[in-house]
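Kindly return the folded structure for what I paste below:
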Amino acid sequence: MRTRIVLTAVCLALLAGCATAPKQTRNICAVFDQREGLFSSWQSAAERTEKKYGVPVPILMATMYTESGFQPYARPPRTRLFGFIPWTRPSTAYGYSQALDGTWDHYQSQTGNWAARRTNFSDAIDFIGWYHYQNSVDTGIPLNDAYNLYLAYYSGPTGYKRGDWRSNGQLQQTAQRFARMAGTYQQQLQGCN
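Numbers count the residues shown, from 1 in each chain. Here you go, the predicted structure:
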């Protein structure tokens, strides 16, 4: 009986850790340490994605940090009707990667990963790598150019090529913060054990 209680407590603790964001998100070593588990390793998933698509781990992780803050069920806030009634959301962005419904469907179709979920870290990091790679191919942005990769991630390849981001100062500031975070993660990653 006691063994069953202990086993149940351990299983619940493992499951609870899967559905929450890491506590320390501004240090990539801490993020990886907090999500190094028996059944999943965020670091292994990120390194697999880097190998598969050529997008550096710091850029992958900075994308997730910027888009969702590592929240698996993140969504854009609802708009307000008459200033106070919760209404619709401005987009279908969802999960770790904040992928839109149509873009996620395209990813599943192109990769054959029909079981992929936006709330699963490994699936979301693979999507981010795939999308950055697709944007690089479509726009010519180098895979280590964090600033422009983020602009294309947010605007899409067509919007990026049209220059939609040029008139969006807030997006440019976010892309600058993103690039700084990717640089910070790069420096930190060199010291991870």
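
biggest helix in this protein by residues?
Ranked by residue count, the top helix of the chain under DSSP state H comes out as helix 169-189.

Would you mark the buried spots in it?
Neighbour counts using 16 or more other C-beta atoms under 10 Å place 171, 174-175, 178-179, 181-182, 184-186, 188-189 of helix 169-189 among the buried residues. Using the backbone N, CA and C atoms, a C-beta is placed for each residue, glycine as well.

from the residues you listed, which is closest to residue 158?
Set against residue 158, the nearest of the buried residues of helix 169-189 by C-beta to C-beta is residue 171 (15.3 Å).

Let me see the contact set for the closest one.
151, 154-155, 165 (C-beta atoms under 8 Å, 6 or more residues apart in numbering).

what's the neighbour count on the nearest residue to residue 126 once chain neighbours are set aside?
Using C-beta to C-beta, 6 or more residues apart in numbering and skipping the chain neighbours, the partner closest in space to residue 126 is residue 49 (5.3 Å). Using other C-beta atoms under 10 Å, residue 49 is surrounded by 23 other residues.

Surely residue 49 is in contact with residue 131?
No. In this structure residue 49 lies outside contact range of residue 131 using C-beta atoms under 8 Å: 10.9 Å.

Nearest the geometric middle of the chain, what residue?
For the chain, the residue nearest the mean C-alpha position is residue 64 (2.6 Å; C-alpha atoms, centre = their mean).

which secondary structure element contains it?
Element membership for residue 64, per DSSP states H and E: helix 57-68.

for that helix, packing partners?
helix 28-34, helix 42-53, helix 121-139, helix 146-162, helix 169-189 (3 or more C-beta pairs under 8 Å, 6 or more residues apart in numbering; DSSP states H and E).

by contact count, what packs against the third one?
On a contact count with 3+ C-beta pairs under 8 Å, 6+ apart, helix 121-139 meets helix 42-53, helix 57-68, helix 101-111, helix 146-162.

Double-check residue 154 against residue 164; I have them as touching.
No. Counting by C-beta under 8 Å, residue 154 does not reach residue 164; the two are 9.4 Å apart.

Between these two, point out the one with more neighbours.
Between residue 154 and residue 164, counted using other C-beta under 10 Å, residue 154 has the larger neighbour count: 20 against 15.

Contact partners for the more buried one?
165, 171, 174-175.

Let me know the pLDDT of the nearest residue to residue 160 once chain neighbours are set aside.
In space, and not counting its chain neighbours, residue 160 is closest to residue 152: 4.0 Å by C-beta to C-beta, 6+ apart. Residue 152 carries a pLDDT score of 98 in this model.

quick one: contacts for residue 152?
Neighbouring residues of residue 152 by C-beta under 8 Å, 6+ apart: 132, 135, 138-139, 141, 160.

do that again at 10 Å, thanks
131-132, 134-136, 138-139, 141, 145, 158-161, 165, 175 (C-beta atoms under 10 Å, 6 or more residues apart in numbering).

If anything else comes up later, I'll come back, but that's it for now.
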